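Chemist: show me the folded form of this:
(one chain, ligands or ions: 1)
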Amino acid sequence: MKVISVVGARPQFVKLAPIDHAFKARGIEHIIVHTGQHYDPEMSESFFSELNISPANYNLGVGSGSHSEQTASMMVGLEKIFQEIAPDWVLVFGDTNSTLAAALAAVKIHVKIAHLEAGLRSFNRKMPEEHNRILTDHASDLLLAPTPLAMEHLGNEGLAAKSLMVGDVMTDVCLNTLAKNRESAPALPVEFEAAGVTRELLASGEYFVATIHRAENTDDPARLTEIVKSLQSLPLPVVLMTHPRLASKSAALGLTLSQGAVKSVKSVSYPVMVDLVSNSRGVITDSGGLQKEAYILQAPCTTIRTETEWPETLHDGWNILSPDVHDLAKLVMRARPTQPTGHPYGDGKASYRVADALTAQ
Ligand code: UD1
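Modeler: Okay, here's the model as predicted:
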C-alpha cells in the first residue's frame, strides 16, 4: 500500500515522525511531500534529522505568500505528484494551508484523503486554521480524530460515518522524546549561552517558555508591543522561542525582544523544546500544539488567545485562556494545579492505529 503524506509547516513535521515510524513498522510504502511552506532550516530540516524522519521525496518549495498564493501554488504541484504516484491514500495533517491545499488537490482527482487531527474546532472564524480544518474534514474520506470531543464535533457536522478515534499522534512523539531526554539531555544550541539560557537555568526550573506567532497577536503593532512589554516585565526569565514572523514583525516596529525578562532564541529543535518545557515553571503561548504539549509535560500554561482547540487542557487550571495580558504576571505566577492531568490525548500509540486504519480500508 502506498500513502503520500503532505507536510509543510513545523507542527506537521513533528506529527509526521511517529507516522513515518509506524508506517515503516507496518510495511507501508510512504512517500513524503514537503510543500516548502516553512523553509528556514530551524523550522524545517532540523525536525527531519532530530526526529529521525525519512527525507522528503519531493519539496515543492512554495515559500511564503498570501493565503491564496500559497495554497494555489501548492495545489498545482501536488496535483502532478498525486497523478504520477497514484497513491492509495493521501494523508494530511492538522490545519495549515498545506493541509487544505492537499485535500483540495486530492478530492478533485478522486484520490482518497485521510485527515489526521480531524474534528478540532476553535469556533473562531477569524482564524485561517478554522477554515482549513473544516473544509479539509468535509473533503476527506477518513477522519482520524484525536479525542472524544473531536468525534462529537464531527458527528454534529454529519461526518460520524467517516470518523474514527485514534488518539493524538503528538502524544506519541512527545512522550517518546521525554523518555529519550531523560536518558540523555539534548545539547543546548550554542546561541543559548549568549542569551543566558544555560543548563543551570533549566535545572532551577525558575523560568517560563514562551512562543507568540499568530496573526492576531503579531500583525497589529499596538497588540504586539503590549504582549512583548508584558513578557519583558515578568518576574522570572522568559525563554522566548522566536518564530520568524515574530522576529520580522518586531524588527519592523523597532521592538527589541531580548530585554527585561525576555531571552529571545530562534525556533528550537523538538527535543530541546521538550527539555525547556518539561523543566519550566510554565508556558505562555498562542500556539495550539504547545498548549497540549505543556499539558502532557505537566507544565502549567497561559494561552494568549480567546479560545482553544484543546479544551481538555483547561482542566483544573493547567491551561488558562487570557487574551488580556495586563495581568499576565499574576496569571503565570499562579499556584500549580493540584489535580493530575489524566490522559485525554491517548496512550502514545495513535500512529499505529492510523497505520492500521489506512490498511484496513
Ligand atoms: C503556520 C500555520 C499555523 C501553524 C504555524 C506553525 C497556516 C495558515 N498557519 O503559520 O497554523 O501554527 O504554521 O509554525 O498554515 N516565515 C519565515 N520562514 C519560514 C516560515 C515562515 O520567515 O520558514 C515567515 C514569513 O514571513 C511568513 C510568515 O513567517 O510570511 C508566516 O509563515 P506562514 O507559513 O505563512 O504561517 P505561520 O505563521 O508559520
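Chemist: what about Leu314, neighbour count?
Modeler: Neighbour count of Leu314, defined by other Cβ atoms under 10 Å: 16. In this view, the C-beta of every residue, glycine as well, is placed from N, C-alpha and C.
Chemist: cool, the one 4 residues further on as well?
Modeler: Trp318 sits with 22 neighbouring residues when counted by other Cβ under 10 Å.
Chemist: contacting residues around it?
Modeler: By Cβ atoms under 8 Å, 6 or more residues apart in numbering, the contact set of Trp318 is 294-295, 298, 300-301, 337, 341.
Chemist: mind running it again at 10 Å?
Modeler: By Cβ atoms under 10 Å, 6 or more residues apart in numbering, the residues touching Trp318 are 282, 291, 294-295, 298-301, 312, 336-337, 339-342.
Chemist: and of these, the nearest to the ligand?
Modeler: Closest approach between these and the ligand, by Cβ to the nearest ligand atom: Gln291, at 11.3 Å.
Chemist: returning to what we had before: just the buried residues of the contacts of Trp318.
Modeler: 282, 291, 294-295, 299-301, 312, 341 (16 or more other Cβ atoms under 10 Å).
Chemist: so of those, which ones are in strands?
Modeler: Among these, the members falling in strands (DSSP state E) are 282, 301.
Chemist: what's the lowest-pLDDT member of the buried ones among the contacts of Trp318?
Modeler: By pLDDT, Thr341 ranks lowest within the buried ones among the contacts of Trp318, coming in at 91.
Chemist: right, and that residue touches Glu293 too?
Modeler: No. Counting by Cβ atoms under 10 Å, Thr341 stays clear of Glu293, with 11.9 Å between them.
Chemist: which residues do the two both contact?
Modeler: Counting by Cβ under 10 Å, 6+ apart, the shared contacts of Thr341 and Glu293 are Thr313.
Chemist: ok, of the contacts of Trp318, which one's closest to Pro128?
Modeler: Among the contacts of Trp318, Gln291 lies closest to Pro128 (Cβ to Cβ), at 18.2 Å.
Chemist: packing partners of the lowest-mean-pLDDT helix or strand in the chain?
Modeler: Across the helices and strands of the chain, mean confidence by mean pLDDT, DSSP states H and E is lowest for helix 45-50: a mean of 91. For helix 45-50, the elements it packs on are helix 10-25, strand 29-34, helix 270-279, judged by 3 or more Cβ pairs under 10 Å, 6 or more residues apart in numbering; DSSP states H and E.
Chemist: looking at these, which is nearest to the ligand?
Modeler: That would be helix 10-25 among the helices and strands packed on helix 45-50, by Cβ to the nearest ligand atom, at 4.3 Å.
Chemist: any residue of the closest one touching the ligand?
Modeler: Yes. For helix 10-25 and the ligand, the contact criterion (Cβ under 6 Å from any ligand atom) is met by 10-11.
Chemist: work out the gap between that helix and the centre of the chain.
Modeler: 13 Å (Cα atoms, centre = their mean, to the nearest Å).
Chemist: which among the helices and strands packed on helix 45-50 is found nearest to Ala355?
Modeler: That would be, of the helices and strands packed on helix 45-50 and by Cβ to Cβ, helix 10-25, which comes in at 4.5 Å.
Chemist: list the buried residues in that closest one.
Modeler: Neighbour counts over helix 10-25 (16+ other Cβ under 10 Å) mark 10-23 as buried.
Chemist: from Thr218, how far out is Ser248?
Modeler: 9 Å (Cβ to Cβ, to the nearest Å).
Chemist: settle it for me: which of the two has more neighbours?
Modeler: Between Ser248 and Thr218, Thr218 has the larger neighbour count (other Cβ under 10 Å), namely 21 against 11.
Chemist: so what are the domain limits for the protein?
Modeler: 2-168+346-360, 173-332 (automatic domain parsing).
Chemist: hang on, the earlier thing: next structured bit after the least confident helix or strand of the chain?
Modeler: Per DSSP states H and E, the first helix or strand lying C-terminal to helix 45-50 is strand 58-59.
Chemist: C-terminal to that next one, what's the next element?
Modeler: helix 67-85.
Chemist: now do that following helix, average pLDDT.
Modeler: Mean predicted lDDT for helix 67-85 stands at 98.
Chemist: could you check the angle that helix makes with strand 29-34?
Modeler: Calculated by axes from the mean of the first three to the mean of the last three Cα atoms, to 10 degrees, helix 67-85 forms an angle of 150 degrees with strand 29-34.
Chemist: helix 67-85 - contacts with which helices or strands?
Modeler: strand 2-7, strand 29-34, strand 58-59, strand 89-93, helix 97-108, helix 128-139.
Chemist: go with 6 Å
Modeler: helix 97-108 (3 or more Cβ pairs under 6 Å, 6 or more residues apart in numbering; DSSP states H and E).
Chemist: residues contacting the closest residue in space to Met74 that isn't next to it in sequence?
Modeler: Nearest residue to Met74, sequence neighbours excluded (Cβ to Cβ, 6 or more residues apart in numbering): Ala101, at 3.6 Å. Applying Cβ atoms under 6 Å, 6 or more residues apart in numbering to Ala101 gives the contacts 71, 74-75.
Chemist: low-confidence stretches in the stretch 151-300 of the chain?
Modeler: Within the stretch 151-300 of the chain, no stretch has pLDDT under 70.
Chemist: number of residues surrounding the residue of it found nearest the ligand?
Modeler: Closest residue of the stretch 151-300 of the chain to the ligand, Cβ to the nearest ligand atom: Pro244 (3.1 Å). By other Cβ under 10 Å, the residues close to Pro244 number 16.
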